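In: prediction below, plus the sequence it came from.
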Amino acid sequence: MTNFLDINATSPGDLRAIIDNAKAMKVARNGRPKGALDDDQPLAGQMVALIFEKPSTRTRVSFDVGVRQMGGQTMVLSGKEMQLGHGETIADTARVLSRYVDLIMIRTFEEQTLLEMAEYASVPVINGLTNRTHPCQIMADIQTFEEHRGSIAGKKVVWSGDGNNVCASFIHAAGQFGFDLTFTGPQTLDPEAGFVEEARAKGANIVIERDPFKAVEGADLVVTDTWVSMHDPVSARERRHNQLRGYQVNEALMRQAKPDALFMHCLPAHRDDEATSAVMDGPNSVIFDEAENRLHAQKAIMRYCLGV
């Protein structure tokens, strides 16, 4: 049984195979209606549980469509419907679901919920997002970069803003795919030191640079994310804006990167906060390619977990 819990927990060879498979499946669907089935049906007869404790647009739609395109069926469950950890234990929920479904994807708050689900499930578990990491997004981002610029190995990626869960998975990926990453943001929002140390131990050049204009010099890719989460209180949002205003990705900042540097944002975005609309809609932006590639990358991840 093979889980997909984090990029740093998956071997570089398996990660490369997932990306290559995602690219191939995308090419095979070129020009076909979105609802058309794939030529091969690797998930035929398979049932996939999609659990959402956190609300979602891209994760929900991309996983649901991906399962259907590959011939499987989905069961979408919300946290309210399941009351994970509020009565029945997560362990018992995992054991029960394993009797009904062939694969579990969970998008949750606490990493421990994901880990306990994986420990007690007898079917593969995929991390659709936790407060700590977001590996599926970064797999789609790497696919997107390589579609536009070739191999990401040896390239310079700059993360501007909050060292959040998406940033954490980018740092994991730097160690596994062999690219360099510079984080620029306030010290209070630095990424986890353990993640940085692990990536450095694998040979990645992870730099923390407070000056965003210096950080993006020579960048092949500039990435940011929303400054606030949907569940953050108003007071926290105000503090975040005060801390991060100097790290907005705007046209002046992008001019310090390479002329062909790509811009990414995993969406949803608060336009003209973390990034200006001029950058998001500009010629170097690939934000909607990223969104599309969630579908293809996650299809490849599901196939990897199920061995199909």
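Out: It's in. Residues are numbered from 1 along each chain as shown.

In: from now on I want contacts and neighbour counts done on CA atoms only, so please keep to that.
Out: Fine.

In: okay, and S235 sits in which element?
Out: In this structure, S235 sits in helix 234-244 according to DSSP states H and E.

In: which residues are in contact with that helix?
Out: 161-162, 185-186, 227-228, 274 (C-alpha atoms under 8 Å, 6 or more residues apart in numbering).

In: give me the neighbour count for M1.
Out: 9 (other C-alpha atoms under 10 Å).

In: go on, G31?
Out: Neighbour number of G31 under other C-alpha under 10 Å is 8.

In: how close does it sit to M139?
Out: The gap separating G31 from M139 is 23 Å, by C-alpha to C-alpha, to the nearest Å.

In: N250 now?
Out: Taking C-alpha to C-alpha, one finds N250 at 25 Å from M139.

In: which of those two has more neighbours?
Out: Each of N250 and M139 has its neighbours counted (other C-alpha under 10 Å); M139 has more, 27 against 17.

In: what about the helices in the protein?
Out: Listed in chain order, the helices of the chain (DSSP state H) span 12-28, 58-69, 79-82, 90-100, 111-120, 135-149, 165-177, 193-201, 212-215, 234-244, 251-254, 277-280, 287-306.

In: out of the ones you listed, which one sits most buried?
Out: Ranked by average neighbour count under the criterion mean count of other C-alpha atoms under 10 Å, the helices of the chain are headed by helix 165-177 at a mean of 26.

In: not counting that one itself, show me its contacts.
Out: Contacts for helix 165-177 (C-alpha under 8 Å, 6+ apart): 6-8, 11-12, 130-135, 137-138, 152-153, 159, 179-181, 191-192, 195-196, 198-204, 206, 225.

In: which regions of the stretch 1-150 of the chain lie under the pLDDT threshold?
Out: 83, 85 (pLDDT under 70).

In: report the contact partners of M280.
Out: Counting by C-alpha under 8 Å, 6+ apart, M280 has contacts 263, 287.

In: and I152, how far from T144?
Out: 10 Å.

In: typo on my end, it should be S235
Out: For S235 relative to T144 (C-alpha to C-alpha), the value is 35 Å.

In: could you do P55 as well?
Out: P55 is 24 Å from T144, by C-alpha to C-alpha.

In: got it, and M1?
Out: 28 Å.

In: could you give me the average pLDDT of stretch 281-301?
Out: For stretch 281-301, mean pLDDT is 98.

In: that one: how far from the chain's middle?
Out: 11 Å (C-alpha atoms, centre = their mean, to the nearest Å).

In: got a list of contacts for that stretch?
Out: 4, 18-19, 21-23, 25-26, 58-59, 62-63, 65-67, 70, 136-137, 139-141, 143-144, 260-267, 279-280.

In: again, only this time at 7 Å
Out: When contacts are defined by C-alpha atoms under 7 Å, 6 or more residues apart in numbering, stretch 281-301 is touched by residues 18-19, 21-22, 25-26, 58, 62-63, 66, 136-137, 139-141, 144, 260-266, 279.

In: now swap in stretch 197-217 and tell me
Out: Contacts for stretch 197-217 (C-alpha under 7 Å, 6+ apart): 158, 171-172, 174-175, 178-186, 196, 247, 253, 256-257.

In: gap between the two ends of it?
Out: 23 Å.

In: likewise for stretch 113-127?
Out: First-to-last residue span, stretch 113-127, C-alpha to C-alpha: 10 Å.

In: same check on stretch 197-210?
Out: Stretch 197-210 has its terminal residues 18 Å apart, counting by C-alpha to C-alpha.

In: start at 460, not 1
Out: I'll keep to 460 as the first residue from here, and by that count the last item is stretch 656-669.

In: for that stretch, the averaged confidence score.
Out: The model assigns stretch 656-669 a mean pLDDT of 98.
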